[in-house]
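Colleague: model the following, please.
(one chain, ligands or ions: 3)
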Amino acid sequence: MAYDTIITGGTVFTANGPKKVDVGIKGQKIAAVRKGLVTNGSSTKGGRSTAKVVDATGQYVIPGGLDVHVHLELPFCGTVSSDDFDSGTKAAARGGVTSVIDFAIPYGKESMATAYDNWRMKADPKTCIDYCFHMAITKWDLHGPEMAKMVQKGCPTFKEFMIYESEGWQSDDRAIFGALENCKKLGAMLLIHAESSRVLDELIDRHHTKALMKKYGAQLHGITRPNYIEAEAIQRAVKWAEVTGGTLYIVHMSTADGADIIKEARKKKIPVHAETCAQYLVLDDSLFATKDGHLYACCPQIKKKSDQKRLWQGLKQDDVCVVSTDTCSFTREQKAMWKGDWTKIPMGMPGLETLLPIVYTHGVLKKRLTMQQFVEKCCTNPAKVMGLYPKKGVIAPGSDADIAIFDPKKRIKVDHAKMETNTDWSPFQGWSLAGFARNTFSRGAMIVDDYKFCGKNGWGKWMPRKSAGKL
Ligand code: URP
Ligand code: ZN
Ligand code: ZN
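Modeller: Ligands and ions are numbered 1, 2, ... in the order given. Next up, the predicted model:
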């Protein structure tokens, strides 16, 4: 077989563990994963190989990561998130991420089909890696009947928010119950932002005084969201999954309490999965007391060190199946809209470019995860649970040639000024991280070379899916 590219000399993380093999790429697909492709398998022209040979000696070769939770160019909190499908997907590529899933959100009385069209218009011309959307259900009576049509369009994952009444996005229990019933019928999956809105609103009201804001500033973001706000909401959603049999996926789970609930639910065979995000694994709420504390406001907020510990353990024990980022970037100027009132901070952080480096450096190098678990949580499981496997998430013949190559030892100091991410700050500024991609391949095309993005806008393809929810 005449390969277009052969990656040779590296340690390849296959579904059966690490192997010293070559990876042969033909067109946009992986064509072979075995030893000796350079000497035996590549075609020759005048005695010379026609394949481009990429030397990965001393490097790890992994399936490209999937960040299944991003918000690019999202109108939110009175502004628009600063990473769009251009900067966001370039950032992703530099971090070894080769697929993203954004959330298409209907505005006002729009249908989900209109939201889908709006998001395709934003994404199609700009996107540098493959992508698709979860469809947000914001008006149950309008969107519930549309679910089957959206699955036929290739979108079998839906999202409901238990908060964000002021954005017009909030779903109540009736909507969650109904959406789970539909998911069961359609082979689809419901993603839930789980926070208990009535009690949260009450706590916010009680603390929303000039005196407390002066005294506590951004710390009020954490003070008003104790762990039970997330735990009660997860517990309730899990009950609806249990009685309907619909598959539930808790997004951006941030608490130890949540991980405990998921563990118990899974023991009872309730169809529920949970994702956490890189920031909940490595940042804690002591940051809110610092000078730039408001920059770190995301929703749900970063919690305590004890929560981090339980989430790492949850990843190891499979209570938590995916790490994503919930990327929703804002610049310092946008964050400054808060003017001392924590309820006005645009909530969200950048993360796509640092997802794999954070989980690798703080997970694998700190011996919290094995390399195989790292690949599982950042590449394979996200592909499986979102209905993209084995097209994505695995290095195997027939899969898309989405591959990241990184030096397991080389550390790079995070500096927002040198990154593709469109922000003028980073939650990880100055951190020394290993795991940045030396090379990234997207469907066979090299889009990162020597740590620099070299792909092109519009290369990313829409990924239709049939069903979701199976690991
Ligand atoms: O802070 C965040 N997470 N912003 C994006 C919206 C959401 O809830 O995911
Ligand atoms: Zn959310
Ligand atoms: Zn989100």
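
Colleague: number of nearby residues for residue 39?
Modeller: Close neighbours of residue 39, defined as other C-beta atoms under 10 Å, add up to 10. Quick note: C-beta positions are derived from backbone N, CA and C, even for glycine.

Colleague: hmm, I was thinking of residue 26
Modeller: The criterion is other C-beta under 10 Å. On that basis, residue 26 has 17 neighbouring residues.

Colleague: do you know how far it is from ligand 1?
Modeller: For residue 26, the distance to ligand 1 equals 39 Å [C-beta to the nearest ligand atom, to the nearest Å].

Colleague: likewise residue 395?
Modeller: Distance of residue 395 to ligand 1, computed by C-beta to the nearest ligand atom: 30 Å.

Colleague: that residue looks like it's in a helix, true?
Modeller: No: the assignment for residue 395, made by DSSP: H, G, I helix; E, B strand; the rest coil, is coil rather than a helix.

Colleague: what's it in contact with, if anything?
Modeller: Neighbour list for residue 395: 12-15, 23, 30, 33, 61-63, 403 [criterion: C-beta atoms under 8 Å, 6 or more residues apart in numbering].

Colleague: so which one among the residues you listed has the lowest pLDDT?
Modeller: When those are compared on pLDDT, residue 15 comes out least confident, at 92.

Colleague: now do that one against ligand 1, distance only.
Modeller: Distance, residue 15 to ligand 1, using C-beta to the nearest ligand atom: 31 Å.

Colleague: residue contacts, that residue?
Modeller: Contact partners of residue 15, counting by C-beta under 8 Å, 6+ apart, are 380, 394-396.

Colleague: of these, just say which sits nearest to ligand 1.
Modeller: Within the contacts of residue 15, distances to ligand 1 taken as C-beta to the nearest ligand atom reach their minimum at residue 380, with 23.3 Å.

Colleague: who's in contact with that closest one?
Modeller: With contact taken as C-beta under 8 Å, 6+ apart, residue 380 is in contact with 15, 63, 389, 393-394.

Colleague: on the three-state scheme, it is what?
Modeller: Under the three-state scheme (three-state DSSP), the conformation of residue 380 reads as helix.

Colleague: so what pLDDT did residue 1 get?
Modeller: pLDDT, residue 1: 83.

Colleague: now stretch 448-463: mean pLDDT?
Modeller: 98.

Colleague: hang on, the earlier thing: would you format the contacts of residue 15 as JSON lines with pLDDT included?
Modeller: As requested, the contacts of residue 15 are arranged in JSON lines below (pLDDT from 0 to 100):
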{"residue": "380", "pLDDT": "98"}
{"residue": "394", "pLDDT": "98"}
{"residue": "395", "pLDDT": "98"}
{"residue": "396", "pLDDT": "98"}
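
Colleague: circling back: give me the buried subset of the contacts of residue 395.
Modeller: 12-15, 23, 30, 33, 61-63, 403 (16 or more other C-beta atoms under 10 Å).

Colleague: strands - which of these land there?
Modeller: 12-14, 23, 30, 33, 61-63, 403 (DSSP state E).

Colleague: just these now: which is nearest ligand 1?
Modeller: Of these, the one sitting nearest to ligand 1 (C-beta to the nearest ligand atom) turns out to be residue 63, at 25.1 Å.

Colleague: which parts of the stretch 101-250 of the chain are helices?
Modeller: Taking DSSP state H, counting those that start in this stretch as the test, the helices found in the stretch 101-250 of the chain are 112-123, 140-143, 147-152, 173-186, 197-207, 210-216, 219-223, 227-244.

Colleague: quick one: closest of the ones you listed to residue 384.
Modeller: Nearest to residue 384 among the helices of the stretch 101-250 of the chain is helix 173-186; the distance by C-beta to C-beta comes to 16.6 Å.

Colleague: would you mark the buried spots in the closest one?
Modeller: For helix 173-186, a neighbour-count test (16+ other C-beta under 10 Å) marks 175-184, 186 as buried.

Colleague: ranking the helices of the stretch 101-250 of the chain by burial, who's on top?
Modeller: Scoring the helices of the stretch 101-250 of the chain by mean neighbour count under mean count of other C-beta atoms under 10 Å gives helix 219-223 as the most buried, with a mean of 22.

Colleague: tell me the mean pLDDT for it?
Modeller: Helix 219-223 comes out at a mean pLDDT of 98.

Colleague: which residues of the chain lie near ligand 1?
Modeller: The chain has residues 71, 193, 298-299, 326, 328, 347-348 near ligand 1, with proximity defined as C-beta under 6 Å from any ligand atom.

Colleague: again, only this time at 8 Å
Modeller: 69, 71, 74, 76-77, 81, 103, 161, 163-164, 193, 251-252, 297-300, 326, 328, 347-349 (C-beta under 8 Å from any ligand atom).

Colleague: picking that back up, JSON lines for the contacts of residue 395, including distance to residue 244?
Modeller: As requested, those are arranged in JSON lines below (distance: C-beta to C-beta, whole Å):
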{"residue": "12", "distance to residue 244": "41"}
{"residue": "13", "distance to residue 244": "37"}
{"residue": "14", "distance to residue 244": "37"}
{"residue": "15", "distance to residue 244": "32"}
{"residue": "23", "distance to residue 244": "42"}
{"residue": "30", "distance to residue 244": "38"}
{"residue": "33", "distance to residue 244": "41"}
{"residue": "61", "distance to residue 244": "41"}
{"residue": "62", "distance to residue 244": "36"}
{"residue": "63", "distance to residue 244": "33"}
{"residue": "403", "distance to residue 244": "39"}
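
Colleague: closest one of the residues you listed to residue 367?
Modeller: Sorting the contacts of residue 395 by how near they are to residue 367, with C-beta to C-beta, puts residue 13 at the top with 17.3 Å.
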